[in-house]
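# got a sequence here, can you model it:
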Amino acid sequence: MSSWRDHILKEFVPGTARLTLVADPDDLLLDEDVLQEIRARGFELIPFEDPVAFRYIYESRFRAHWDRNEETELVVVLRLPSSQLDCLPYDLLQAGRKLSFSLTDLFPNLSYSVVAALDRADLDRLYEAQEEHRPELLGENATKDFILHYVFGIVPETIREPADLLRVLLRFHYRQQRIPEILARRLNDLLRQNAHFQDWPLEAIVTDAQAFFAFLQERWPVFLDWLAEAENVRAIQDPRVHYGLKLPGPALLPFDHEGVRVYVDNLFLDGMLQPVSHPQAERIIQSCRWVECGLRLSAEETRQRRVEKLLEALENDAVLSTVDVRHEAWMHFASRWAELWALIYTDESTYHAYHERVEALRSRVDKSFYTWVWKRYASLINLPPNPPVMLHHIPRYLARELEGKQAGKIALLLVDGLALDQWVALRQELEQQNAGLRFREASVFAWIPTITPVCRQAAFAGKAPLFFPESIQTTARELYLWTKFWAEQGLKQEEVAYEKGLDETGRERFTELLKQPELRVVGLVVDKVDRIMHGIELGAAGMHNQVRQWVRNGFLKELLLFLLERGFNVFLTSDHGNIEARGIGSPREGAVADVRGERVRVYPDAMLRAQIKRQFPDALEWPPIGLPENYLPLIASGRTAFVQSDKTVVAHGGISLEELIVPFVQVERQ
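Residues are numbered from 1 along each chain as shown. The predicted structure follows:
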């Protein structure tokens, strides 16, 4: 069967034109698989967003090559309708061929406003349904019903009982499939016609996965009591008060229904639900073995059970045997991988018990992820920023969050060097401090090489590193880049702030900074984790222990609460992760390297880099993807580092899962 992508890709035949101008108001060209195939055909793509930045790249990277009669093919993407292509510079309009793509062209019989609300990954199912069922011209509500049925598998008329609704919500929330607000309103209106769902918090749990899982978490103890017959749950006069339920709806849910029960194990496995204690836990397990995953037994039993389940799930994950998966698959894998290592590092005996198995799995993960990165990483750079996929997407995502909110306030807290597994440890400690915090967890890709001057600047600049070549060796211009980005969004200088080096000794600095009345956007850097990493001598397990100890001192909790109390919408991220690596010796290079990291060296010239590679034949010559052309990394292979042979360090700069996928978390008050 043909794909909607075929309508776009047929226009990109190598050798057709050195310059192609594309009007793409619906970001169709920026689909991950479309980008991957266009790059594979030899085309380079640049979105036209900042005219000055674009002109710099266009003149230095493309015009200069064309003037030397070197053939490169450039695609310039304008996220506006075809009627506005004329806003491009005159010399581009004269030299380039013009194309346009839109959802209206792909789905002519469906309501544009409804289709436009979908995530681009959902267009595959919609296009298949259109090809199979050939709908006539549909109005808005008919389009909504068509999409609910064929994209999300939801037929409202068949949702008659609570178990039916739970099964539907579990299916798309567990897959992290987003149902747009415009479709959710239609679904809610239809569900409200059923007396069973009159008191359900549909407006929250249909669109918000976090709220849905909180709804389930509150009701899990009720279900356990019902199983244990500890008390007649149905006879309690006011179960919402008795169990302290915050969300409306029925207290007792049918977790044991076959269509619901199939999800329960994975919900606890992936940390979407948390196990709870129960005085009759052993008796419940004897009669209903399947609920064991949701019961907190001894710490050792709980940890061992979860390690076993995670290992089994990770060993059988399709990403380890398939190169052509979308980035979301690796993000989901990375989340489970982080949960596994956070468990292993809490107890040394756990690692020894599973040593051979986890090391064999880690070897598979490293090999598969490296293969995927080499083939598909470059396609991530130009993806739309909602949701963010890479660090430089974050400011544009935050700008959209702030859009139209006159009193809105945003705080970006960057914990330098925090790996995803260390975030899990950090989150667990914050939860134990009972600070009333709630976390909407996601992740983003760092830049390669995974070093601070490249990655942290990108996170604050909102641009790829190739746009700040003059400061790529330092972090000194982060304040300027952060302020410049927000000035371009229309904010005044006094509404934007940035502060780095925050720690326990600098409480007065951030309290005074955040009290400024006109402040709307603040970027903050906490570098304690990075400093722990560079001083650690006890490997990755010691790193985890040190991160936990740091969080227990209360500084991070205090900072988060201070921001939330002052009305900031708080987001936490990291610039790169880290791994435990084994030394293979230091390059004999004199002063020719611009960067001398433990996992990466950077050279201004390909010949210099090639000379050092001869000393380390397994090292990777990474191309300057999204980097200045004279910024050429040489990355240590596998889990090795350019330090004294056989010395063990915790370091960053390379291309491991732990270094490259980092947390992106929205922090809220419960």
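
# for the rest of this, base every contact and every neighbour count on C-alpha atoms.
OK.

# in the stretch 51-200 of the chain, which spans are helices?
For the stretch 51-200 of the chain, applying DSSP state H, counting those that start in this stretch gives helices covering 51-57, 64-67, 90-95, 103-106, 112-115, 123-133, 140-150, 162-174, 181-191.

# the fifth one: how far from the chain's middle?
Helix 112-115 has its C-alpha centroid displaced from the chain centroid by 26 Å (CA atoms, centre = their mean, to the nearest Å).

# longest helix of this protein?
Identified as the longest helix of the chain according to DSSP state H is helix 355-376.

# contacts for it next, please.
By CA atoms under 8 Å, 6 or more residues apart in numbering, the residues outside helix 355-376 that reach it are 36, 311, 315, 319-321, 323-324, 638, 655-657.

# surely residue 606 touches residue 632?
Yes. At 6.9 Å, residue 606 and residue 632 qualify as touching, with contact defined as CA atoms under 8 Å.

# count of neighbours near residue 534?
14 (other CA atoms under 10 Å).

# where does it fall, secondary structure wise?
Using DSSP states H and E, residue 534 falls within helix 528-535.

# and the contacts of that helix?
415-418, 503, 543, 546-547, 650-651.

# would you tell me which of the helices of the stretch 51-200 of the chain gets closest to residue 383?
helix 123-133 (15.7 Å; CA to CA).

# which elements pack onto that closest one?
helix 4-9, helix 140-150 (3 or more CA pairs under 8 Å, 6 or more residues apart in numbering; DSSP states H and E).

# dump the ones you listed to JSON lines, plus mean pLDDT.
Listed next are those as JSON lines, based on pLDDT from 0 to 100:
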{"stretch": "helix 4-9", "mean pLDDT": "93"}
{"stretch": "helix 140-150", "mean pLDDT": "96"}
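
# most tightly surrounded among the ones you listed?
Highest mean neighbour count among those (mean count of other CA atoms under 10 Å): helix 140-150, with a mean of 18.

# identify the bridge partners of the closest residue to residue 499 other than its chain neighbours.
Once flanking residues are discounted, residue 499 sits nearest to residue 524: 5.0 Å by CA to CA, 6 or more residues apart in numbering. Beta-bridge partners for residue 524, by DSSP bridges, are residue 413, residue 499.

# right, and residue 524 touches residue 416 too?
No. Applying CA under 8 Å, one finds residue 524 not in contact with residue 416, separated by 10.2 Å.

# neighbours of residue 278, how many?
For residue 278, using other CA under 10 Å, the count is 16.

# quick one: residues contacting it.
224, 295-296.

# show me the shaky parts of the stretch 101-250 of the chain.
Where the stretch 101-250 of the chain drops to pLDDT under 70, the residues are 230-235, 237.

# mind checking the SS state of the residue nearest in space to the middle of the chain?
Residue closest to the mean C-alpha point of the chain, counted by CA atoms, centre = their mean, is residue 443 at 2.6 Å. Under DSSP: H, G, I helix; E, B strand; the rest coil, the three-state class of residue 443 is strand.

# distance of residue 378 from residue 624?
Distance, residue 378 to residue 624, by CA to CA, to the nearest Å: 10 Å.

# again but with residue 377, I slipped
Taking CA to CA, one finds residue 377 at 12 Å from residue 624.

# now swap in residue 389 and tell me
Using CA to CA, residue 389 is found at 19 Å from residue 624.

# of these two, who's got more company?
With neighbours defined as other CA under 10 Å, residue 389 and residue 624 compare such that residue 389 has more, 24 against 16.

# I'd assumed residue 445 was in contact with the more buried one.
Yes. With contacts counted by CA under 8 Å, residue 389 reaches residue 445, the gap being 6.1 Å.

# what is the least confident helix or strand in this structure?
Across the helices and strands of the chain, the lowest-confidence element by mean pLDDT, DSSP states H and E is helix 64-67, at a mean of 72.

# what's the closest non-adjacent residue to residue 80?
Distance criterion CA to CA, 6+ apart; nearest residue to residue 80, sequence neighbours excluded, is residue 25 at 4.4 Å.

# list the buried ones in stretch 262-276?
Buried residues in stretch 262-276, counted by 16 or more other CA atoms under 10 Å: 264-270, 272-275.

# residue ranges with poor pLDDT in the stretch 351-500 of the chain?
Those would be none, if you go by pLDDT under 70 across the stretch 351-500 of the chain.

# residue boundaries of the strands in it?
410-415, 437-445, 496-499 (DSSP state E, counting those that start in this stretch).

# still on that earlier bit, so residue 606 and residue 632 - more neighbours on which side?
For residue 606 versus residue 632, neighbours defined as other CA under 10 Å are more numerous around residue 632 (25 against 15).
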